[in-house]
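In: the following block contains a protein sequence and its predicted model.
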Amino acid sequence: MSGGVPRHVAVIMDGNGRWARERGLPRHAGHLEGMKAVRETVAGACAAGVEVLTLFAFSTENWKRPKTEIQALMEVLDTFAESERHALIREGVEVRVLGELERLNERSRAAVSGIVASTRGGETLLLNLLISYGAREEIARAARNLARQARDGLIDPETIDPATFRTALYTGGLPDPDLLIRTSGEYRISNFMLWQLAYAEMYITPVYWPDFTREDLFAAILDYQRRERRFGRVAAH
Ligand code: FPP
């Protein structure tokens with residue numbers, strides 16, 4: 001059995017829209033409520049001793065949503081960056097924001113740089129927020145960077161192996177996620193960390209993201225601790 005606390009937990013936060021619809025509220029109310037669940041999950045991850053928490057906040061595909069919803073989601077992210085800053089610093093949470101950030105508007109880019117700069121050096125938890133992120137785009141970008149380095153004679157293409165390739169991903173030298181949580185009962189990866197999730201244990205819960213609490217995170221961790229991780233090998237006896 002895996003036994004310990006997962007070093008890296010990744011979460012596909014899903015179900016904000018359905019949470020809102022079931023209450024007769026607009027979709028953005030679900031995203032706003034989802035911010036509370038982010039707060040809960042960060043606190044739970046700190047308490048459990050998780051080292052890295054990665055949250056899928058906005059995908060490259062989400063750019064295809066109606067303009068008003070995109071704007072509402074960006075506003076929630078800006079609000080989070082502003083309202084949570086002090087709590088995150090106090091808790092020792094270092095925030096990194098990964099994705100095609102050049103697609104964000106100036107205001108959101110400033111909010112992102114602000115939260116990243118002011119939480120730098122936090123030692124309790126590394127919180128990766130994936131914004132304007134898609135795994136295929138991330139992999140293509142890594143390949144592009146390595147190809148450029150090979151073209152410029154900085155690396156020998158023959159030396160590119162999984163270990164060097166991973167360093168070219170947004171997540172660079174971080175450990176791969178041990179546990180992937182998806183809320184709202186959907187069994188999909190949705191272009192999320194396709195490289196890094198190779199051996200992650202998956203935990204799907206029917207709970208909609210805005211209702212997700214630290215107890216739900218602990219339940220996922222307990223379930224993970226009962227799994228036998230073999231990484232393609234046979235079981236140890
Ligand atoms: C999926 O629900 C969720 C999103 C597209 C956005 C996730 C964003 C948040 C939880 C906002 C707060 C985040 C941070 C980091 C402060 P959906 O809209 O696809 O729901 P549905 O499938 O029920 O329609």
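Out: Perfect, thanks for sending it. Residues are numbered from 1 along each chain as shown.

In: any idea how far apart the tips of stretch 90-104 sit?
Out: 28 Å (Cα to Cα, to the nearest Å).

In: per-residue pLDDT, E228?
Out: Looking at E228, its pLDDT is 84.

In: burial check on it, number of neighbours?
Out: When neighbours are counted by other Cβ atoms under 10 Å, E228 registers 9. C-beta coordinates here come from the backbone N, C-alpha and C atoms, glycine included.

In: name the helix or strand for it, please.
Out: If you go by DSSP states H and E, E228 is not part of any helix or strand.

In: just the pLDDT at the residue of the chain found nearest the ligand, thanks.
Out: Closest residue of the chain to the ligand, Cβ to the nearest ligand atom: G17 (2.4 Å). pLDDT, G17: 97.

In: what's around the closest residue to it other than its chain neighbours, how many residues?
Out: Excluding its sequence neighbours, the residue lying closest to G17 (Cβ to Cβ, 6 or more residues apart in numbering) is R27, at 4.8 Å. Residues lying near R27 (other Cβ under 10 Å) number 19.

In: wait, isn't R27 in contact with W19?
Out: No: using Cβ atoms under 8 Å, R27 is not in contact with W19, being 9.3 Å away.

In: ok, what's across the strand from S59?
Out: Taking DSSP bridges as the rule, S59 bridges to Y133.

In: mind checking how far it is from Y203?
Out: From S59 across to Y203, the span is 20 Å (Cβ to Cβ, to the nearest Å).

In: longest helix of this structure?
Out: When the chain is scanned for its longest helix (criterion: DSSP state H), the result is helix 27-48.

In: tell me the pLDDT of the residue nearest to G17.
Out: 96.

In: tell me which residues touch it, please.
Out: Applying Cβ atoms under 8 Å, 6 or more residues apart in numbering, we find R27 in contact with N16, G17, A20, R21, E69, A72.

In: the last one and G34 touch, don't they?
Out: No: counting by Cβ under 8 Å, A72 stays clear of G34, with 11.2 Å between them.

In: quick one: buried ones out of the contacts of R27?
Out: For these, a burial check counting by 16 or more other Cβ atoms under 10 Å picks out N16, G17, A20, A72.

In: okay if I get those residues as TSV plus secondary structure?
Out: Below are the buried ones among the contacts of R27 laid out as TSV (DSSP: H, G, I helix; E, B strand; the rest coil):
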residue	secondary structure
N16	helix
G17	helix
A20	helix
A72	helix
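
In: quick one: G173 from F58, how far?
Out: G173 is 24 Å from F58, by Cβ to Cβ.

In: host element of G114?
Out: Applying DSSP H and E as the criterion places G114 in helix 106-119.

In: so R7 touches L53, yeah?
Out: No: using Cβ under 8 Å, R7 is not in contact with L53, being 10.4 Å away.

In: out of the two, which sits in the more crowded spot?
Out: For R7 versus L53, the count of surrounding residues by other Cβ under 10 Å is larger for L53: 25 against 15.
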